[in-house]
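In: below: sequence and its predicted model.
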Amino acid sequence: MIECRMNLRYGWVAVLLLYVGTGMIDARDPKARSITIQNESGHKVEAFWVHPQTKEKVLQTDPHIFNGATFNLNSFVTHHFEVRELPSTKTGVCGGENQSCRL
């Protein structure tokens, strides 16, 4: 298990626990991994894979990861992800400065 604490914009800290599987997804690719993301941030979040060349963000969670929930995906050692807070269902705003959503 790898614990990943990400300092997000506006001082918000999301705690996501990444469980990296010991088995290979594809025995032909030693960089392939099975990952579990556990959201302990206190907010609903979306996770995006970030393309290494274009920096395009590709949504991996549909619709999102609830606080306390886990999300499984297949990935590779070199992949990078971005996690974004979603607005509150009740208020329609996020918890960041000026009610902005935090990354």
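Out: Sure, I can see it.

In: going forward, measure contacts and count neighbours with C-alpha atoms only.
Out: Fine.

In: shaky segments in the chain?
Out: 1-27 (pLDDT under 70).

In: what segments of it are strands?
Out: If DSSP state E is used as the criterion, the strands of the chain fall at 2-7, 13-20, 32-39, 45-50, 57-59, 70-76, 80-85.

In: what's the fourth one in contact with?
Out: If I follow you right, that is strand 45-50. Residues from elsewhere that reach strand 45-50, judged by CA atoms under 8 Å, 6 or more residues apart in numbering: 39, 56-67, 79-86.

In: tell me how many other residues surround the closest residue to residue 47 other than its chain neighbours.
Out: Distances taken as CA to CA, 6 or more residues apart in numbering put residue 83 closest to residue 47, at 4.5 Å, once the chain neighbours are dropped. The number of residues packed near residue 83 is 19, by other CA atoms under 10 Å.

In: quick one: contacts for residue 83?
Out: Applying CA under 8 Å, 6+ apart, one finds that residue 83 lies in contact with 45, 46, 47, 48, 103.

In: and if you look at residue 82?
Out: Residue 82 makes contact with 47, 48, 49, 50, 57, 103, according to CA under 8 Å, 6+ apart.

In: go with 10 Å
Out: Under the criterion of CA atoms under 10 Å, 6 or more residues apart in numbering, the contact list for residue 82 reads 6, 8, 46, 47, 48, 49, 50, 57, 58, 59, 60, 103.

In: next one: residue 59
Out: For residue 59, the contacting residues are 46, 47, 48, 49, 50, 81, 82, 83, by CA under 10 Å, 6+ apart.

In: partner residues bridging the fourth one?
Out: Listed by DSSP bridges, the beta-bridge partners for residue 49 are residue 58, residue 81.

In: from now on call the first residue 131
Out: Sure, I'll start counting at 131 from here, so that last one is residue 179.

In: dump the contacts of residue 212 to JSON lines, plus distance to residue 224.
Out: Output for the contacts of residue 212, formatted as JSON lines (distance: CA to CA, whole Å):
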{"residue": "136", "distance to residue 224": "17"}
{"residue": "138", "distance to residue 224": "13"}
{"residue": "176", "distance to residue 224": "13"}
{"residue": "177", "distance to residue 224": "16"}
{"residue": "178", "distance to residue 224": "18"}
{"residue": "179", "distance to residue 224": "22"}
{"residue": "180", "distance to residue 224": "22"}
{"residue": "187", "distance to residue 224": "20"}
{"residue": "188", "distance to residue 224": "21"}
{"residue": "189", "distance to residue 224": "19"}
{"residue": "190", "distance to residue 224": "21"}
{"residue": "233", "distance to residue 224": "11"}
